[in-house]
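Student: here you go, sequence then predicted model.
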Amino acid sequence: MVLAAALLFPFQARAQAEPRADALREAIVRTNPELAARRAAVQAAEARARAAGYAGPAFLSGEAEEIPGIDLRDASVRVEVEREFLSRGRREGARAVAAADVRAASASLSSAERRLAALATRALTQAAGWSAIARRLGAEDSLLVSAEAALRARFSVGDARYVDVLRLRTERLRVQSERAEAAAEARAGRVALEALLGPAPAPAQTALLEAALAEAAGRAPTAALPPPPDVDSLLAQSGAIRLAEAEVERARAGRQLLLAEQRPRLAGAVGVQRFPSDGGGSTLGPTLGASVSLPFTARRANATATEAAAADVAAAEAERAATAAAVRAELVAARERYEAARTRLAVYDAALLRGAREEREAALASFRTGDLSLIELLDFERALARAETERLRSVLDAADALADLLAAGSGAGAPDHDETTSRTGGSHDR
């Protein structure tokens, strides 16, 4: 969780604590309905594991022979208690199957926690990043408003053309449209965070969400992003791979249990019998019995079942290999995306951007005095705004890629790369 926070919030010049963001992620882990269901599944699997490996109940049986009419007093009556002995192999096999189920449920819970933590960080980054873009577009609109006032004054005395008024209005419409779209993306990030908290977040959770958003909004983007985590370590933590490994263990345990069940199975019985004696009356005495299964009488069925169990093991191992390959490819692709975002962000010269920002007021003043044309002012502001918003979108791209790295192979609910790319790229190209 700390690694995710450090990597997925690159909106500060140096590493700083993010108590609100961490507290928000912890609240999501506590209250998210999906995680609650996964925890219940783990508890159920653990309960089944505790119940596995025990012998079944004993059987009580009764038998009456040589009944004269319907009078049982002169009949031979036997009552027995029979129980099958559970072999060590069957006991260990049943417990191994149950243990594999526990590991699968635990892996599913861990995978969901990592995925939701990455989604929460992505949503918080989205809300903060697009809010920053909306603020920058708002600043651009404010400059255009000032320029429009100056242009109207010049137009009223015949010192400006009406086509310039139209050009400025059109530019403001474009900026306002993009600002509204950025604000909508920021709201989408907030709604995603609220959904992760549950269907009805408590007032304390809502206040925590507001504090985390304010904390994220107070950070400024940095050109120095941290290096990506190691792919091999993330591969070992992948929930999908851990689930595939649990399925292999379960298939092997199932094969072990099947082989144990195909060995001779022994049952014993003890009881009492009453039978009539020759001189009248009856005699009471104990009975002992034993039974054993004969696996060789079902040789064909046993052979086919063993072959099926071996095929299940082979299929699970093949699935594990395929899952590992797919997750590795996903991790490598996400790493490349992150490296590309780091490269894009490194291109921006922070000092050059800062100097250009300082020239904004001077450019506006020059336009008011007529030393700078409207076209030149618009080109200057458009280029500066584009550089700053593209820099912010590079940070968003990096956060998306890092979220993919941390959530790779975690199952359903992974972010849509194409949708993310369309949001952070082409729709706002100038």
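Tutor: On my side now, so go ahead.

Student: alpha carbons only for contacts and neighbour counts from here, please
Tutor: Will do.

Student: which other helices and strands does whichever strand or helix holds Ala365 contact?
Tutor: Assessed by DSSP states H and E, Ala365 sits inside helix 360-369. Applying 3 or more CA pairs under 8 Å, 6 or more residues apart in numbering; DSSP states H and E, one finds that helix 360-369 contacts helix 88-156, helix 374-407.

Student: of all those helices, which one is nearest Ala51?
Tutor: helix 88-156 (8.7 Å; CA to CA).

Student: what is the helix or strand following the closest one packed up against?
Tutor: Per DSSP H and E, helix 88-156 leads on to helix 162-197 as the next helix or strand towards the C-terminus. In terms of contacts (3+ CA pairs under 8 Å, 6+ apart), helix 162-197 is packed against helix 19-31, helix 88-156, helix 203-217.

Student: mind checking how far the residue nearest to the spatial centre of the chain is from Gly239?
Tutor: Residue closest to the average C-alpha location in the chain (CA atoms, centre = their mean): Arg115, at 2.2 Å. Distance from Arg115 to Gly239, counting by CA to CA, to the nearest Å: 9 Å.

Student: list residues touching both of those two?
Tutor: Listed as contacting both Arg115 and Gly239 by CA atoms under 8 Å, 6 or more residues apart in numbering are Ser410.

Student: ok, Arg78 - how many residues close by?
Tutor: Arg78: 19 surrounding residues under other CA atoms under 10 Å.

Student: and Pro201, by the same measure?
Tutor: 17.

Student: which residues touch it?
Tutor: So, once contact is read as CA under 8 Å, 6+ apart, Pro201 ends up touching Glu194.

Student: my read is it is in a strand, agree?
Tutor: No: applying DSSP: H, G, I helix; E, B strand; the rest coil, one finds Pro201 to be coil, outside a strand.

Student: now do it against Leu193, distance only.
Tutor: Taking CA to CA, one finds Pro201 at 10 Å from Leu193.

Student: same deal with Ala403?
Tutor: 15 Å.

Student: could you tell me the angle between the helix or strand containing Thr304 and helix 374-407?
Tutor: Using DSSP H and E, Thr304 sits in helix 299-347. Calculated by axes from the mean of the first three to the mean of the last three CA atoms, to 10 degrees, helix 299-347 forms an angle of 150 degrees with helix 374-407.

Student: which regions of the chain sit below the pLDDT cut-off?
Tutor: Applying pLDDT under 70 to the chain flags the ranges 1-18, 66-74, 160, 218-225, 278-281, 349-358, 409, 411-430.

Student: before we move on, the earlier item: mind checking which of the helices and strands packed on helix 162-197 is nearest Ala183?
Tutor: Of all the helices and strands packed on helix 162-197, helix 88-156 comes closest under CA to CA, at 5.8 Å.

Student: next, the angle from that closest one to helix 203-217.
Tutor: Using the same axes, to 10 degrees: helix 88-156 against helix 203-217 is 60 degrees.

Student: one step back: specify the angle between the helix holding Ala365 and helix 88-156 in degrees.
Tutor: Using the same axes, to 10 degrees: helix 360-369 against helix 88-156 is 30 degrees.

Student: buried residues, helix 360-369. List them.
Tutor: 360, 363-365, 367-368 (16 or more other CA atoms under 10 Å).

Student: next one: stretch 384-391
Tutor: 384-386, 388-391.

Student: Trp130: which of the residues you listed is nearest?
Tutor: Distances from Trp130 to those, taken by CA to CA, are shortest for Thr389, at 9.1 Å.

Student: does the closest one touch Arg135 like I think?
Tutor: No: here Thr389 lies out of contact with Arg135, judged by CA atoms under 8 Å, at a distance of 9.9 Å.

Student: neighbours of Ala346, how many?
Tutor: Around Ala346 there are 16 residues (other CA under 10 Å).
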